[in-house]
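next input, structure requested:
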Amino acid sequence: MIADYLQLGDEVAGALRAGRPVVALESTIISHGFPWPENLDVARASEAVVRAEGAVPATIAIIDGAIRIGLNEQSLQALAQRAAVHKVSRRNLSLVVAAHGWGATTVAATMLCAAAAGIRLFATGGIGGVHRHGSSTMDISADLQELARTPVAVVCAGAKAILDIGLTLEYLETHGVPVVGYGTDRLPGFYVPTTPYPVDTRLDTAEEIAGVLAVHWALGMQSGVLIGVPVPASHALAEEAMNAAIEEALAEAERRQITRAGVTPFLLDRMRQSTQGESMSTNLALIRNNAGVAARIACSLAVL
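Numbers count the residues shown, from 1 in each chain. The predicted structure follows:
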């Protein structure tokens, strides 16, 4: 059982025993999303926001083959500075654990491990999805399938802007994953507050969302729920410039024949360069914002 490989931090274990709210946080943003030392700042900031809202943060990572649910300061620093850290999804989780390796968990792996620990809320930046031209390449993130089969609510700023948002929503609909807009009728666009694509329902408070989650799982649903939170307007990118940067990055990736797991990090790096680092500032702002929303929902769900 996966529970045999979990190591819960003392704070997280105590909170779960007491029925206090806990929010899972991924570690890919630490090892693969931001450079040192900004990555440690992001991790600390996300945890601080969760605590400020009254919940307990549980950053998840693989350390020496153990699935750690909740990292202390020493572990956060070690993960942030370590060079060779695997990017772990469901597909290679067992490989990294068996090899006693170090791994940073993606959305899919974080959901899987959070559910095993009994954590229902997870905050991230943006989910993976169906890549552009995905209907012919079949390049579809494992995040979507995890949402279809793992009962964890994912609070995010939508799917990453480099993806095909329409096809991503079609996939989620086919697999029975509800998509909720937090204060918005349209799915957020990661770097921008909105897209043309409608969500299944708009809810304006954490209490309302917690109520939906409680009913969703009380009905025996085994899927997750996607909760889209718009990036704060003060940190949003200009949509026209963003789209131009994405198209340029996609064309370069095609010329260089970059495929599969290499596509997303390449595109995000090119976005950072094209926007003179502004996309990274936007990314940080939305991550912190999502962490706060997730914590408020977790607190409301704990009451229910």
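
quick one, helices of the protein?
Under the criterion DSSP state H, the chain contains helices at 10-18, 28, 38-52, 73-81, 90-98, 107-117, 134-137, 142-149, 165-174, 206-218, 239-255, 263-274, 278-303.

list the buried residues for the fifth one?
What it means is helix 90-98. Using 16 or more other CB atoms under 10 Å as the test for burial, helix 90-98 gives Arg90, Asn92, Leu93, Val96, Val97. Any C-beta I mention is one placed from the backbone N, CA and C, and that applies to glycine too.

what does stretch 203-220 contact?
120, 151, 153, 178, 180-183, 201, 223, 225, 227, 293, 296-297, 299-301, 303-304 (CB atoms under 8 Å, 6 or more residues apart in numbering).

I should have written stretch 38-47 there, sorry.
Outside stretch 38-47, the residues that reach it (CB under 8 Å, 6+ apart) are 25, 27, 29-31, 33-34, 57, 59, 76-77, 80-81, 123, 280, 284, 287-288, 291.

reformat the buried residues of helix 90-98 as a markdown table; add distance to Ala157 and pLDDT.
Formatted as a markdown table, the buried residues of helix 90-98 follow (distance: CB to CB, whole Å; pLDDT from 0 to 100):
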| residue | distance to Ala157 | pLDDT |
| --- | --- | --- |
| Arg90 | 23 | 97 |
| Asn92 | 26 | 98 |
| Leu93 | 25 | 98 |
| Val96 | 27 | 98 |
| Val97 | 30 | 98 |
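
wait, which of these is closest to Pro193?
Arg90 (30.7 Å; CB to CB).

which residue, other than its chain neighbours, is closest to the closest one?
Distances taken as CB to CB, 6 or more residues apart in numbering put Ala108 closest to Arg90, at 5.1 Å, once the chain neighbours are dropped.

and for that neighbour, the neighbour number?
By other CB atoms under 10 Å, the residues close to Ala108 number 24.

OK, contacts around it?
Neighbouring residues of Ala108 by CB under 8 Å, 6+ apart: Ser89, Arg90, Gly128, Ser141, Ala142, Asp143, Gln145, Glu146.

can you list the domain ranges for the chain.
1-119, 125-304 (automatic domain parsing).

mean pLDDT for those domains: which is lowest?
Within the domains of the chain, confidence is poorest for domain 125-304, with a mean of 90 (mean pLDDT).

I appreciate the help and will end here.
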